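Participant: Structure, please.
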Amino acid sequence: MSIKKSCLIALTALISLTGFSQEGLPVYSDYLTDNYYLIHPSMAGVANCAKVRLTARQQWFGVDDAPSLQTLSIHSRIGESQSAVGVNLYNDKNGYHSNTGGYVTYAHHLMFSRNEVDLNMLSFGLSAGFIQYKLDETDFLAPGEFDQLIAGIEQSATNFNIDVGFSYHFLDFYAHVTAKNILPNEGINFNAQGFEFDNLRTYLASLGNVFHRPGSEWSYEPSIMYMYRDATEESTIDINAKVYREMDFGKLWGGLSYRRSLDGAEFRDGNGVSSQKLQYFTPFIGVDYKQFVFAYTYSYQANTVNFNTGGFHQITLGYNFNCRREKYDCECPAIN
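Facilitator: Numbers count the residues shown, from 1 in each chain. Next up, the predicted model:
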(Lines give C-alpha, C1' and ligand atoms only; values in the text may rest on other atoms or scores of the structure.)
Protein backbone atom coordinates (compact mmCIF):
# COMPACT_ATOMS: atom_id res chain seq x y z
CA MET A 1 0.00 0.00 0.00
CA SER A 2 1.48 3.38 -1.01
CA ILE A 3 2.29 6.12 1.50
CA LYS A 4 -0.16 8.44 -0.28
CA LYS A 5 -2.99 5.91 0.00
CA SER A 6 -2.13 5.23 3.65
CA CYS A 7 -2.35 8.96 4.40
CA LEU A 8 -5.68 9.25 2.62
CA ILE A 9 -7.08 6.27 4.54
CA ALA A 10 -5.94 7.77 7.84
CA LEU A 11 -7.36 11.16 6.87
CA THR A 12 -10.67 9.60 5.86
CA ALA A 13 -10.93 7.67 9.11
CA LEU A 14 -10.17 10.81 11.11
CA ILE A 15 -12.81 12.77 9.21
CA SER A 16 -15.38 10.04 9.79
CA LEU A 17 -14.62 9.97 13.50
CA THR A 18 -14.80 13.70 14.00
CA GLY A 19 -17.80 14.16 11.72
CA PHE A 20 -16.38 17.17 9.87
CA SER A 21 -17.20 15.77 6.42
CA GLN A 22 -20.63 14.64 7.59
CA GLU A 23 -21.87 18.19 8.01
CA GLY A 24 -23.95 18.10 4.81
CA LEU A 25 -23.21 20.87 2.32
CA PRO A 26 -19.88 22.37 3.47
CA VAL A 27 -19.62 26.11 3.98
CA TYR A 28 -16.92 27.63 1.79
CA SER A 29 -16.78 31.07 0.14
CA ASP A 30 -19.26 30.17 -2.65
CA TYR A 31 -21.77 32.65 -1.26
CA LEU A 32 -19.61 35.58 -2.35
CA THR A 33 -20.13 34.71 -6.04
CA ASP A 34 -23.80 35.80 -6.01
CA ASN A 35 -24.80 32.53 -4.35
CA TYR A 36 -26.06 33.37 -0.85
CA TYR A 37 -28.87 30.82 -1.25
CA LEU A 38 -26.29 28.01 -0.87
CA ILE A 39 -25.96 28.77 2.85
CA HIS A 40 -29.04 30.89 3.71
CA PRO A 41 -32.46 29.38 2.79
CA SER A 42 -34.12 32.75 3.39
CA MET A 43 -32.38 34.08 0.26
CA ALA A 44 -34.42 31.86 -2.07
CA GLY A 45 -36.29 34.02 -4.58
CA VAL A 46 -35.18 37.25 -2.95
CA ALA A 47 -33.96 38.80 -6.24
CA ASN A 48 -35.98 40.26 -9.11
CA CYS A 49 -34.78 37.31 -11.27
CA ALA A 50 -35.02 33.56 -10.93
CA LYS A 51 -31.48 32.16 -10.61
CA VAL A 52 -29.61 29.02 -11.59
CA ARG A 53 -26.11 28.51 -10.19
CA LEU A 54 -23.72 25.65 -10.93
CA THR A 55 -20.39 25.35 -9.08
CA ALA A 56 -17.46 22.96 -9.33
CA ARG A 57 -14.73 23.05 -6.66
CA GLN A 58 -11.49 21.06 -6.72
CA GLN A 59 -8.70 20.96 -4.14
CA TRP A 60 -5.05 19.94 -4.57
CA PHE A 61 -4.65 19.37 -8.31
CA GLY A 62 -2.44 16.35 -8.95
CA VAL A 63 -3.39 14.55 -5.71
CA ASP A 64 -5.46 11.39 -6.15
CA ASP A 65 -8.87 11.38 -4.45
CA ALA A 66 -8.48 15.01 -3.38
CA PRO A 67 -11.58 16.81 -2.03
CA SER A 68 -14.07 18.00 -4.65
CA LEU A 69 -17.54 19.55 -4.53
CA GLN A 70 -20.27 20.17 -7.10
CA THR A 71 -23.47 22.13 -6.40
CA LEU A 72 -26.57 23.03 -8.40
CA SER A 73 -29.11 25.53 -7.08
CA ILE A 74 -32.32 26.93 -8.59
CA HIS A 75 -34.64 29.39 -6.85
CA SER A 76 -37.42 31.77 -7.86
CA ARG A 77 -40.43 33.75 -6.67
CA ILE A 78 -43.81 32.11 -7.15
CA GLY A 79 -45.36 34.44 -9.72
CA GLU A 80 -45.89 37.93 -8.27
CA SER A 81 -46.40 36.63 -4.73
CA GLN A 82 -44.16 37.16 -1.70
CA SER A 83 -43.38 33.44 -1.56
CA ALA A 84 -40.50 31.62 -3.22
CA VAL A 85 -39.20 28.11 -3.73
CA GLY A 86 -35.76 26.65 -4.37
CA VAL A 87 -33.80 23.45 -4.85
CA ASN A 88 -30.22 22.75 -3.72
CA LEU A 89 -28.32 19.67 -4.92
CA TYR A 90 -24.71 18.82 -4.10
CA ASN A 91 -22.06 16.11 -4.24
CA ASP A 92 -19.12 16.34 -1.83
CA LYS A 93 -16.24 13.83 -2.07
CA ASN A 94 -13.20 13.64 0.17
CA GLY A 95 -10.96 10.63 -0.39
CA TYR A 96 -12.93 7.50 0.42
CA HIS A 97 -15.71 9.46 2.10
CA SER A 98 -18.52 11.25 0.25
CA ASN A 99 -21.92 12.70 0.89
CA THR A 100 -24.65 13.66 -1.56
CA GLY A 101 -27.68 15.71 -0.70
CA GLY A 102 -30.74 17.47 -1.98
CA TYR A 103 -32.86 20.15 -0.30
CA VAL A 104 -36.16 21.79 -1.19
CA THR A 105 -36.74 25.31 0.16
CA TYR A 106 -39.76 27.47 0.88
CA ALA A 107 -39.13 31.16 1.59
CA HIS A 108 -41.40 34.11 2.30
CA HIS A 109 -40.53 37.80 1.99
CA LEU A 110 -42.38 40.47 4.01
CA MET A 111 -42.23 44.12 2.95
CA PHE A 112 -42.36 46.78 5.70
CA SER A 113 -41.80 49.89 3.61
CA ARG A 114 -44.77 51.98 2.43
CA ASN A 115 -43.74 51.43 -1.18
CA GLU A 116 -41.35 49.22 -3.13
CA VAL A 117 -38.84 52.01 -3.82
CA ASP A 118 -37.34 51.99 -0.33
CA LEU A 119 -36.21 48.47 0.47
CA ASN A 120 -37.24 47.28 3.94
CA MET A 121 -37.79 43.50 3.85
CA LEU A 122 -37.73 40.61 6.30
CA SER A 123 -37.39 37.11 4.84
CA PHE A 124 -37.52 33.65 6.32
CA GLY A 125 -36.73 30.30 4.74
CA LEU A 126 -37.01 26.61 5.55
CA SER A 127 -35.09 23.88 3.71
CA ALA A 128 -35.78 20.17 4.12
CA GLY A 129 -33.92 17.34 2.44
CA PHE A 130 -31.88 14.18 2.56
CA ILE A 131 -28.16 13.54 3.00
CA GLN A 132 -26.59 10.26 1.92
CA TYR A 133 -23.22 9.42 3.46
CA LYS A 134 -20.85 6.86 1.95
CA LEU A 135 -17.55 5.40 3.13
CA ASP A 136 -15.80 3.16 0.60
CA GLU A 137 -13.65 0.64 2.51
CA THR A 138 -13.20 -1.78 -0.42
CA ASP A 139 -9.55 -0.74 -0.97
CA PHE A 140 -8.57 -0.43 2.69
CA LEU A 141 -7.23 -3.98 2.96
CA ALA A 142 -5.03 -6.03 0.66
CA PRO A 143 -6.31 -9.49 -0.39
CA GLY A 144 -6.10 -11.84 2.58
CA GLU A 145 -5.71 -9.06 5.18
CA PHE A 146 -8.13 -8.80 8.12
CA ASP A 147 -8.93 -5.97 10.49
CA GLN A 148 -11.90 -6.14 12.84
CA LEU A 149 -12.36 -2.37 12.58
CA ILE A 150 -12.65 -2.41 8.76
CA ALA A 151 -15.66 -4.07 7.11
CA GLY A 152 -14.14 -3.90 3.62
CA ILE A 153 -17.44 -2.77 2.04
CA GLU A 154 -19.03 0.49 0.96
CA GLN A 155 -20.95 1.70 3.98
CA SER A 156 -23.85 4.09 3.45
CA ALA A 157 -26.55 5.84 5.45
CA THR A 158 -29.30 8.28 4.50
CA ASN A 159 -30.63 10.91 6.89
CA PHE A 160 -33.28 13.63 6.80
CA ASN A 161 -32.51 17.13 8.05
CA ILE A 162 -33.70 20.73 7.93
CA ASP A 163 -32.18 24.24 7.79
CA VAL A 164 -33.96 27.42 8.85
CA GLY A 165 -32.91 31.03 8.40
CA PHE A 166 -33.87 34.70 8.45
CA SER A 167 -32.68 37.65 6.37
CA TYR A 168 -33.25 41.38 6.73
CA HIS A 169 -32.61 43.96 4.00
CA PHE A 170 -32.86 47.70 4.64
CA LEU A 171 -31.73 49.91 1.75
CA ASP A 172 -28.04 49.01 1.25
CA PHE A 173 -27.70 46.99 4.48
CA TYR A 174 -28.34 43.26 4.95
CA ALA A 175 -28.14 40.63 7.70
CA HIS A 176 -28.63 36.85 7.66
CA VAL A 177 -28.94 34.27 10.44
CA THR A 178 -29.19 30.53 9.67
CA ALA A 179 -29.23 27.28 11.64
CA LYS A 180 -28.15 24.28 9.54
CA ASN A 181 -28.71 20.56 10.18
CA ILE A 182 -31.03 21.10 13.14
CA LEU A 183 -32.02 17.45 13.53
CA PRO A 184 -29.68 14.76 14.93
CA ASN A 185 -28.04 12.60 12.23
CA GLU A 186 -25.78 9.65 13.01
CA GLY A 187 -24.34 9.28 9.51
CA ILE A 188 -21.66 6.59 9.41
CA ASN A 189 -20.07 5.98 12.81
CA PHE A 190 -17.71 3.45 14.35
CA ASN A 191 -20.31 2.10 16.76
CA ALA A 192 -18.13 -0.94 17.51
CA GLN A 193 -16.06 1.32 19.77
CA GLY A 194 -19.17 2.83 21.32
CA PHE A 195 -18.55 6.12 19.51
CA GLU A 196 -21.55 8.17 18.41
CA PHE A 197 -21.67 11.49 16.63
CA ASP A 198 -25.07 12.88 15.71
CA ASN A 199 -24.83 16.63 16.22
CA LEU A 200 -24.20 18.38 12.89
CA ARG A 201 -25.73 21.72 13.88
CA THR A 202 -23.96 24.75 12.45
CA TYR A 203 -24.96 28.38 13.05
CA LEU A 204 -24.20 31.17 10.57
CA ALA A 205 -24.55 34.94 10.85
CA SER A 206 -23.72 37.46 8.10
CA LEU A 207 -23.66 41.27 7.99
CA GLY A 208 -22.84 43.58 5.11
CA ASN A 209 -23.46 46.92 3.44
CA VAL A 210 -22.98 48.27 -0.08
CA PHE A 211 -21.53 51.77 -0.42
CA HIS A 212 -22.03 53.82 -3.58
CA ARG A 213 -21.36 57.44 -4.49
CA PRO A 214 -24.12 58.97 -6.67
CA GLY A 215 -23.05 59.12 -10.32
CA SER A 216 -20.15 56.69 -9.83
CA GLU A 217 -19.82 53.41 -11.71
CA TRP A 218 -18.17 51.82 -8.67
CA SER A 219 -19.68 50.35 -5.51
CA TYR A 220 -18.06 48.65 -2.52
CA GLU A 221 -19.37 45.90 -0.26
CA PRO A 222 -17.62 44.98 3.01
CA SER A 223 -19.14 42.05 4.91
CA ILE A 224 -18.44 39.51 7.63
CA MET A 225 -19.70 36.00 8.34
CA TYR A 226 -19.47 34.13 11.64
CA MET A 227 -19.81 30.33 11.79
CA TYR A 228 -20.16 28.16 14.91
CA ARG A 229 -20.21 24.34 15.06
CA ASP A 230 -22.26 23.19 18.01
CA ALA A 231 -20.72 19.74 18.58
CA THR A 232 -17.07 20.77 18.57
CA GLU A 233 -17.62 24.35 19.82
CA GLU A 234 -15.45 25.68 16.99
CA SER A 235 -15.82 29.17 15.56
CA THR A 236 -14.58 30.79 12.36
CA ILE A 237 -15.01 34.26 10.94
CA ASP A 238 -14.90 35.53 7.34
CA ILE A 239 -13.89 39.12 6.62
CA ASN A 240 -14.82 40.04 3.05
CA ALA A 241 -14.32 42.96 0.69
CA LYS A 242 -16.09 43.10 -2.67
CA VAL A 243 -16.11 45.74 -5.41
CA TYR A 244 -18.43 46.23 -8.41
CA ARG A 245 -18.10 48.23 -11.63
CA GLU A 246 -21.02 48.89 -13.93
CA MET A 247 -20.30 48.15 -17.61
CA ASP A 248 -22.25 48.54 -20.86
CA PHE A 249 -22.77 44.76 -21.05
CA GLY A 250 -23.47 44.20 -17.35
CA LYS A 251 -21.15 44.27 -14.38
CA LEU A 252 -17.59 43.33 -13.38
CA TRP A 253 -16.90 42.40 -9.77
CA GLY A 254 -14.29 40.82 -7.55
CA GLY A 255 -12.85 40.83 -4.08
CA LEU A 256 -10.98 39.10 -1.30
CA SER A 257 -12.12 36.98 1.64
CA TYR A 258 -10.09 36.10 4.73
CA ARG A 259 -11.25 33.17 6.87
CA ARG A 260 -9.73 32.51 10.28
CA SER A 261 -10.53 29.96 12.94
CA LEU A 262 -10.94 31.35 16.43
CA ASP A 263 -9.78 28.02 17.90
CA GLY A 264 -6.21 26.77 17.58
CA ALA A 265 -4.81 23.26 17.04
CA GLU A 266 -1.64 22.03 18.69
CA PHE A 267 1.07 20.06 16.89
CA ARG A 268 4.52 18.75 17.74
CA ASP A 269 7.32 21.01 16.49
CA GLY A 270 10.69 19.37 17.03
CA ASN A 271 11.02 18.84 20.78
CA GLY A 272 8.24 21.28 21.64
CA VAL A 273 4.55 21.84 20.99
CA SER A 274 3.27 24.66 18.78
CA SER A 275 -0.21 25.73 17.78
CA GLN A 276 -1.80 27.28 14.74
CA LYS A 277 -5.21 28.57 13.68
CA LEU A 278 -6.75 27.66 10.34
CA GLN A 279 -6.71 30.56 7.91
CA TYR A 280 -7.65 30.94 4.23
CA PHE A 281 -7.14 33.76 1.75
CA THR A 282 -9.73 33.65 -1.05
CA PRO A 283 -9.56 36.07 -4.00
CA PHE A 284 -12.44 35.87 -6.47
CA ILE A 285 -13.48 37.57 -9.70
CA GLY A 286 -16.66 37.48 -11.74
CA VAL A 287 -18.66 39.03 -14.54
CA ASP A 288 -22.39 39.50 -15.18
CA TYR A 289 -22.87 39.46 -18.95
CA LYS A 290 -26.49 40.21 -19.70
CA GLN A 291 -28.31 37.30 -18.02
CA PHE A 292 -25.22 35.10 -17.60
CA VAL A 293 -22.81 34.91 -14.66
CA PHE A 294 -19.26 33.56 -14.61
CA ALA A 295 -16.90 33.56 -11.61
CA TYR A 296 -13.58 32.06 -10.55
CA THR A 297 -12.54 31.57 -6.91
CA TYR A 298 -9.20 30.47 -5.48
CA SER A 299 -8.60 29.64 -1.81
CA TYR A 300 -5.11 29.38 -0.33
CA GLN A 301 -4.51 27.84 3.10
CA ALA A 302 -1.88 29.96 4.85
CA ASN A 303 -0.71 27.60 7.58
CA THR A 304 2.67 26.16 8.48
CA VAL A 305 1.38 22.59 8.78
CA ASN A 306 -0.94 21.36 6.02
CA PHE A 307 -1.44 18.34 3.77
CA ASN A 308 -0.54 20.10 0.51
CA THR A 309 0.56 23.59 -0.55
CA GLY A 310 -2.01 23.63 -3.36
CA GLY A 311 -5.30 25.44 -2.93
CA PHE A 312 -8.95 25.26 -3.89
CA HIS A 313 -10.08 26.16 -7.41
CA GLN A 314 -13.74 26.86 -8.08
CA ILE A 315 -15.75 27.80 -11.16
CA THR A 316 -19.27 29.24 -10.91
CA LEU A 317 -21.67 29.41 -13.85
CA GLY A 318 -25.04 31.12 -13.56
CA TYR A 319 -28.10 32.14 -15.51
CA ASN A 320 -30.86 34.59 -14.55
CA PHE A 321 -34.32 34.28 -16.08
CA ASN A 322 -37.92 35.49 -15.62
CA CYS A 323 -36.50 38.86 -14.61
CA ARG A 324 -38.84 41.63 -13.47
CA ARG A 325 -38.08 45.33 -13.36
CA GLU A 326 -35.68 46.56 -10.68
CA LYS A 327 -38.08 47.89 -8.03
CA TYR A 328 -35.84 49.25 -5.33
CA ASP A 329 -33.80 52.44 -5.17
CA CYS A 330 -30.77 50.93 -3.46
CA GLU A 331 -27.34 49.49 -4.07
CA CYS A 332 -28.38 45.89 -3.36
CA PRO A 333 -26.87 43.48 -5.92
CA ALA A 334 -28.50 40.44 -4.32
CA ILE A 335 -31.96 42.01 -4.77
CA ASN A 336 -31.97 44.18 -7.91
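Participant: Dig out what the closest residue to G311 other than its chain neighbours forms beta bridges with.
Facilitator: Closest residue in space to G311, ignoring its immediate chain neighbours: Y300 at 4.3 Å, by Cβ to Cβ, 6 or more residues apart in numbering. Every residue, glycine included, has its C-beta placed from N, CA and C. Note on Y300: beta-bridge partners by DSSP bridges are F281.
Participant: for Q58, same thing?
Facilitator: Assigned bridge partners for Q58, using DSSP bridges, are S68, H313.
Participant: Please name the residues that touch it.
Facilitator: 66-68, 312-314 (Cβ atoms under 8 Å, 6 or more residues apart in numbering).
Participant: Buried ones among the residues you listed?
Facilitator: The neighbour count (16 or more other Cβ atoms under 10 Å) marks 66-68, 312, 314 as buried among those.
Participant: Between these, which sits nearest Y226?
Facilitator: Y226 lies nearest to F312 out of those, by Cβ to Cβ, at 20.8 Å.
Participant: Go ahead and confirm the closest one touches P283.
Facilitator: No: between F312 and P283 there is no contact, the gap being 11.4 Å when judged by Cβ atoms under 8 Å.
Participant: so what's in contact with those two at the same time?
Facilitator: 297-298.
Participant: name the element L252 belongs to?
Facilitator: strand 250-261 (DSSP states H and E).
Participant: ditto for P222
Facilitator: Using DSSP H and E, P222 maps to strand 218-229.
Participant: next SSE after that strand?
Facilitator: Note on strand 218-229: by DSSP H and E, the next helix or strand toward the C-terminus is strand 234-246.
Participant: So which bits of that following strand are buried?
Facilitator: Using 16+ other Cβ under 10 Å as the test for burial, strand 234-246 gives 234, 236, 238, 240, 242, 244.
Participant: Likewise for stretch 225-235?
Facilitator: For stretch 225-235, burial by neighbour count (16+ other Cβ under 10 Å) applies to 225, 227-229, 234.
Participant: now those as JSON lines including pLDDT and distance to A334?
Facilitator: What follows is the buried residues of stretch 225-235, written out as JSON lines (pLDDT from 0 to 100; distance: Cβ to Cβ, whole Å):
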{"residue": "M225", "pLDDT": "97", "distance to A334": "14"}
{"residue": "M227", "pLDDT": "96", "distance to A334": "19"}
{"residue": "Y228", "pLDDT": "96", "distance to A334": "23"}
{"residue": "R229", "pLDDT": "92", "distance to A334": "26"}
{"residue": "E234", "pLDDT": "90", "distance to A334": "28"}
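Participant: Just name the closest of those to K93, please.
Facilitator: Relative to K93, the closest of the buried residues of stretch 225-235 is R229; by Cβ to Cβ it sits at 20.9 Å.
Participant: Which strand residues bridge the nearest residue to the closest one once chain neighbours are set aside?
Facilitator: Excluding the flanking residues, the one nearest R229 by Cβ to Cβ, 6+ apart is T202, at 5.4 Å. Following DSSP bridges, T202 is listed with bridge partners K180, R229.
Participant: In contact with T202, which residues?
Facilitator: Per Cβ under 8 Å, 6+ apart, neighbours of T202: 23, 27, 179-181, 227-230.
Participant: Tell me the predicted confidence for it.
Facilitator: pLDDT, T202: 95.
Participant: Ok, P67 next?
Facilitator: pLDDT, read off for P67, is 83.
Participant: all strands for the stretch 1-150 of the chain, in order.
Facilitator: Taking DSSP state E, counting those that start in this stretch as the test, the strands found in the stretch 1-150 of the chain are 50-59, 68-77, 83-94, 97-111, 120-136.
Participant: With distance to G165 added, can I get these in a markdown table?
Facilitator: Listed next are these as a markdown table, based on distance: least, Cβ to Cβ, whole Å:
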| stretch | distance to G165 |
| --- | --- |
| strand 50-59 | 17 |
| strand 68-77 | 13 |
| strand 83-94 | 12 |
| strand 97-111 | 9 |
| strand 120-136 | 5 |
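Participant: Nearest to K251, out of those?
Facilitator: Evaluated with Cβ to Cβ, the strands of the stretch 1-150 of the chain place strand 50-59 nearest to K251, the distance being 14.7 Å.
Participant: buried set for that closest one?
Facilitator: For strand 50-59, using 16+ other Cβ under 10 Å, the buried residues are 50-55, 57-59.
Participant: Tell me where the chain is predicted with low confidence.
Facilitator: Counting by pLDDT under 70, the chain contains low-confidence residues at 1-23, 61-62, 116, 144, 148-149, 151-152, 186-197, 265-270, 272-275, 303-310.
Participant: The same query, at a cut-off of 50, please.
Facilitator: 1-21, 190-194 (pLDDT under 50).
Participant: Kindly reformat the contacts of Q58 as JSON lines containing distance to I78.
Facilitator: Shown next, in JSON lines, are the contacts of Q58 (distance: Cβ to Cβ, whole Å):
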{"residue": "A66", "distance to I78": "40"}
{"residue": "P67", "distance to I78": "36"}
{"residue": "S68", "distance to I78": "34"}
{"residue": "F312", "distance to I78": "35"}
{"residue": "H313", "distance to I78": "36"}
{"residue": "Q314", "distance to I78": "30"}
